[in-house]
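S.K.: my questions concern the predicted model and sequence given below.
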Amino acid sequence: MMLTLDPLVLARVQFAANVTFHILFPTISIALGWFLLYFKTRFVATGQQHWMDAYQFWIKIFALTFALGVVSGITMSFQFGTNWPGYMNTVGNIAGPLLAYEVLTAFFLEATMLGIMLFGRGRVSESVHTLATFLVAIGTTASAFWILALNSWMHTPAGFEMINGQAHVTSWMAVIFNPSFPYRMVHMLLASGLTGAFLLAGLSAYRWLQNDRGPAVLTTLRTGVRVAAFLIPIQILVGDLHGLNTLKHQPAKLAAMEGIWETQRGVPAVLFAIPDTSTQSNRFEIAIPKLASLYLTHDWEGEVKGVKAFGDNHPPVGPVFWAFRIMVGVGLLMLLVSWAASWLLRGGRTPSMFAARVLTWMSFSGWVALVAGWYVTEVGRQPWLVTGVLTTAQAASAVPAANIALTLAGYLTLYAALLVAYVSVVFHLARKVSHPVDPASEPRLGHQGVHYSETQHA
């Protein structure tokens, strides 16, 4: 079947597979770098061993995550030459330096300091080890800065001029701080924080279910839940601001996200529908009248352009429409779970078995929202690779479909195996109980998790 597909489609699927797999790991490592710094500084400040126990456990997860992120990132870079030569030929003067800055200022810093983090404690002073942890956290964030600067520029290009079919920089400040970059950067860092927080809480809850009841487990569980509960409302606000920026600079993407076909005033907010490309309409639509105009234009009668207004220069509506709703739906679930868990754990309470199971199931929920949001962003840019400058078709190579299909099958097989292995190893590490407790010996819990004494129980 793949051999009959358009090489362009196969090349896009292959790059999407690589990006989807790669983005999972930097998202965790960015957040975990800062969580590790928090654990380490708390240990230095208090001298309490459970903070170091938390650090020693989670640095293993960080190292594993970092390794997979590096390997998958290298694979992606090769595809610029094999499948997308037109990209570097046209915008290499901008993309090349930004990618180089990421390697020079971020990756080298992370790679060097990671060795001290992993193997330096006891060989260097505590302050130097803490500094190494801080620099790794800085490095992961700096890496995101440069990558998102380039990606945002591809969506909202600025600070350049075209000379003989090639982009040349006129202002690096305008290139880096292009119109969508601030929103995209904050949105991505918050997504990383939420992904890391739910992994922290979920894996700690799993350890709790395995009767690992040491203070480090409960500490990391509460830390993850509270950080998630704090970040998710901010993410919703930033997401709304990002949507307004998208309306201004990429209105075709916004129309696909909202499922708006006709340019109109008083646009309804479509909660559910099945977009039909053949009729350019929504089937089985459930919508709230005029609500989309309110939150997009702050006016009940505000006008919003529909998909039809952009002719053929618009993204595929169905994938963008559904990916956006998956992202929002998982985000609302994260809000509900984090706030409920924060309330259940208030006042030093311990988690109930049900709450621990729910948090365990939510361990990788950040990945689902992240990938859905990434698809909204990247599929929503089509048919452009660099908006208004270079289309995806113009950048593609002439590699035969059979060759791309063969490598695509290899990538998908390898990535599926690596993903299963990663999740399996993470939970394997969590099953190594460091402070086992016999549930029968624990005090009985009230319906809110409060301990009853024997007198109270009687």
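M.R.: Cool, the structure landed.
S.K.: let me know the pLDDT of the nearest residue to residue 177 once chain neighbours are set aside.
M.R.: Spatial nearest neighbour of residue 177, chain neighbours left out: residue 149 (7.8 Å); criterion: C-beta to C-beta, 6 or more residues apart in numbering. For glycine as for every other residue, the C-beta is placed from the backbone atoms N, C-alpha and C. Model confidence at residue 149, given as pLDDT, is 94.
S.K.: count of residues packed around the residue nearest to residue 282 when sequence neighbours are not counted?
M.R.: Leaving aside its sequence neighbours, residue 282 sits nearest to residue 273 (C-beta to C-beta, 6+ apart; 3.6 Å). For residue 273, the neighbour count with other C-beta atoms under 10 Å is 19.
S.K.: doesn't residue 273 belong to a strand?
M.R.: Yes: the assignment for residue 273 by DSSP: H, G, I helix; E, B strand; the rest coil puts it in a strand.
S.K.: the stretch 251-400 of the chain: helices as residue ranges?
M.R.: Per DSSP state H, counting those that start in this stretch, the stretch 251-400 of the chain carries helices over the ranges 251-258, 291-297, 317-344, 353-361, 365-379, 392-395.
S.K.: sorry, back to before: any idea how far residue 6 is from the residue nearest to residue 282?
M.R.: Counting by C-beta to C-beta, to the nearest Å, the gap from residue 273 to residue 6 is 28 Å.
S.K.: residue 410 too?
M.R.: 20 Å.
S.K.: repeat that for residue 310.
M.R.: Residue 310 is 22 Å from residue 6, by C-beta to C-beta.
S.K.: list the buried residues of stretch 413-426.
M.R.: Buried residues in stretch 413-426, counted by 16 or more other C-beta atoms under 10 Å: 415, 422, 426.
S.K.: confirm the last one sits in a strand?
M.R.: No: Residue 426 is assigned helix when assessed by three-state DSSP, not a strand.
S.K.: so who does it touch?
M.R.: 61, 64, 203 (C-beta atoms under 8 Å, 6 or more residues apart in numbering).
S.K.: the first one: which element?
M.R.: It stands for residue 61. Using DSSP states H and E, residue 61 maps to helix 49-82.
S.K.: who are the packing partners of that helix?
M.R.: helix 7-46, helix 85-102, helix 108-119, helix 181-209, helix 215-249, helix 401-430 (3 or more C-beta pairs under 8 Å, 6 or more residues apart in numbering; DSSP states H and E).
S.K.: recalculate using a threshold of 10 Å.
M.R.: Using 3 or more C-beta pairs under 10 Å, 6 or more residues apart in numbering; DSSP states H and E, the elements in contact with helix 49-82 are helix 7-46, helix 85-102, helix 108-119, helix 126-155, helix 181-209, helix 215-249, helix 401-430.
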